[in-house]
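Student: Below is the sequence, then the predicted model.
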Amino acid sequence: MIDVSYLDKIIQKVKQVVEKSKEEIYGLSENARQEYERAKRELEQVKTEIKEIIEEVDRLEKEYIKARIRLVEVSRNFRLFKEEDIKNAYEEAHSKQIELINKREKEKLLRNTREHLQRYLKNLEMTIKRSEELIINISMVIKILNNELSTLSDKIGELQQFQALGLSVITAQEEERKRIAREIHDGPAQSLANIVMRAEYILKLMEVNPSLVKDELLTLMELVRKSLADVRKIIFDLRPMSLDDLGLIPALRRYIEQFTKNYGIFVELTVLGKEYALDSTLAIAIFRIIQESLNNVRKYAGATEVVVKLEYLPDRINGTIRDNGCGFDVEKVLADKEGTAFGIMGMRERVQLLKGKFEIRSKIGRGTEVMFFIPVKKDNKSGGN
C-alpha cells in the first residue's frame, strides 16, 4: 500500500525545487538586464574613444612624416645645420614615433574591447531571452503543481506520471544550474580577459613610455573594482548570504540601507510583534517579495519615500510595502503581462506557493501599496517564538 503522506512530501519537495530554480533564473535574468545596460553604455564610450584616437593617429602620422622629412633634410645637408639642429630634428622624429606607437597600441586595445563588448552584448541578449522563456515555462510547472499535483494523494494511480514529472523537473534544475554557472563564468571571465589585455599593454608601455604607466594602472584598478562589484552583485542576487547568517530582519535592514544609499529613496522598515526565526524557504520568499517591490518602486514609481512593515503573528506574517510614488492602473498593467506585471505576477505566485494571499492597490498620483500575508506553521518556524 502506498503511503499517501510520503507522496505529499514528494509534492512539497518538487514545489520547493521548482520555486528555487525560478528564483535563481529570475535573479540571473535581472542581473543580465543590468549588465546589458552597463555593457551597452561602455560600448558607446569605447566607440567614442576609438573615433577620437583615430583622429589622433591620423594627426600624429602627418606630424611624424613631417618630422622624418625634416630629419632626412638635415641629415643630407648636415654641414648647413648646427649640431643642435640635427639633434633636435632626431629627437622630434623619435618622439613622434614613440607617441604614434602608443596611440596605435591604444587603438588596437580599444578595437579589441569593442569587439569583445559586441560579442558580450549578443550573449547577454540570448541569456535574457532564454531566461524569460524558462521563467514562463517554470511558472507553468508551478501552476501545474499547485492546481493538479496537489490532489495526487487522491489519485494514487497517477503516481508514475508524477514521479516522471518530478524527475524531469529536477533534471531541468540541474541543467539550469549548469547554464547559470556557465553564464557567470563567461561574464566575469570576459572582464578578466580585458584586464589581462590592459596589463599586457601596460607591460609594453613600460618599455616605450613609462610616464604613462601610472594612468593606465589607475584605469586597470578601476576596472578590477568594477569587475569585483559585478561578481559580488551576482552572488547577492542569487542569494544574500546575510539572510542565512543573520536572519530575515537584519538582512532586510542591510539591503534597505544599501538600497537607500544607491538610489536616494528613503525606506523605513517597521517590525511589529515578537520576531521569531523562520524556515529558509519562507524567509527567502518574504525577502524576495520586498526586494522586488523596492525594485519596482525604483524603476517605475518615482517615489521619494517607502514604508515597509512586517508583522509577526503566531500563525502568520503580514507584510506591507507602501510608497508615495506616481501610482498606476493595476488592471491595465496586469493585462499587459510585461514589465512591472512580470514582477507582480512573480510575487503573487511566490505567495500563492506558500498558501498565502497577495494584493496590490494603486491609484494614479496616490502611490502604491503591496500587501501580503503568509501562514506560518510549526514546521516553518526555526527555533520557535
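Tutor: Perfect, thanks for sending it. Small disclaimer: the values here were computed from a predicted structure and weren't measured.
Student: Sticking with E268, tell me its helix or strand.
Tutor: Using DSSP states H and E, E268 sits in strand 266-272.
Student: Any chance you could give me that strand in PDB, C-alpha atoms only?
Tutor: Output in PDB follows, covering the C-alpha atoms of strand 266-272 (Å, rounded to 0.1, in the frame of the first residue of the first chain):
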ATOM      1  CA  PHE A 266      14.200  56.800   1.900                       C
ATOM      2  CA  VAL A 267      12.900  53.400   3.100                       C
ATOM      3  CA  GLU A 268      11.600  52.900   6.600                       C
ATOM      4  CA  LEU A 269      11.300  49.400   8.000                       C
ATOM      5  CA  THR A 270       8.900  48.700  10.800                       C
ATOM      6  CA  VAL A 271       8.700  45.400  12.600                       C
ATOM      7  CA  LEU A 272       5.600  44.600  14.800                       C
END
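Student: what's the weakest-modelled helix or strand in this protein?
Tutor: helix 159-208 (a mean of 62; mean pLDDT, DSSP states H and E).
Student: what's in contact with the strand holding E268?
Tutor: With contact meaning Cβ atoms under 8 Å, 6 or more residues apart in numbering, strand 266-272 is reached by 249, 252-253, 256, 259-260, 294, 304-312. Using the backbone N, CA and C atoms, a C-beta is placed for each residue, glycine as well.
Student: from those residues, which single one is nearest I195?
Tutor: For the contacts of strand 266-272, the residue nearest I195 by Cβ to Cβ is F259; the value is 29.2 Å.
Student: Please, which helix or strand holds the closest one?
Tutor: helix 248-263.
Student: and that helix, what does it pack onto?
Tutor: When contacts are defined as 3 or more Cβ pairs under 8 Å, 6 or more residues apart in numbering; DSSP states H and E, helix 248-263 packs onto helix 241-246, strand 266-272, helix 280-296, strand 305-312.
Student: now with 6 Å?
Tutor: Contact analysis of helix 248-263 by 3 or more Cβ pairs under 6 Å, 6 or more residues apart in numbering; DSSP states H and E lists helix 241-246, strand 266-272 as its packing neighbours.
Student: Return stretch 128-141 as PDB; C-alpha atoms alone will do.
Tutor: Output of stretch 128-141 as PDB, limited to C-alpha atoms (Å, rounded to 0.1, in the frame of the first residue of the first chain):
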ATOM      1  CA  ILE A 128      17.800  37.400 -21.300                       C
ATOM      2  CA  LYS A 129      15.700  35.700 -23.900                       C
ATOM      3  CA  ARG A 130      16.400  32.200 -22.600                       C
ATOM      4  CA  SER A 131      15.800  33.200 -19.000                       C
ATOM      5  CA  GLU A 132      12.400  34.800 -19.900                       C
ATOM      6  CA  GLU A 133      11.400  31.600 -21.700                       C
ATOM      7  CA  LEU A 134      12.500  29.500 -18.800                       C
ATOM      8  CA  ILE A 135      10.600  31.600 -16.200                       C
ATOM      9  CA  ILE A 136       7.400  31.300 -18.200                       C
ATOM     10  CA  ASN A 137       7.900  27.500 -18.500                       C
ATOM     11  CA  ILE A 138       8.700  27.100 -14.800                       C
ATOM     12  CA  SER A 139       5.700  29.300 -13.900                       C
ATOM     13  CA  MET A 140       3.600  26.900 -15.900                       C
ATOM     14  CA  VAL A 141       5.100  24.000 -14.000                       C
END
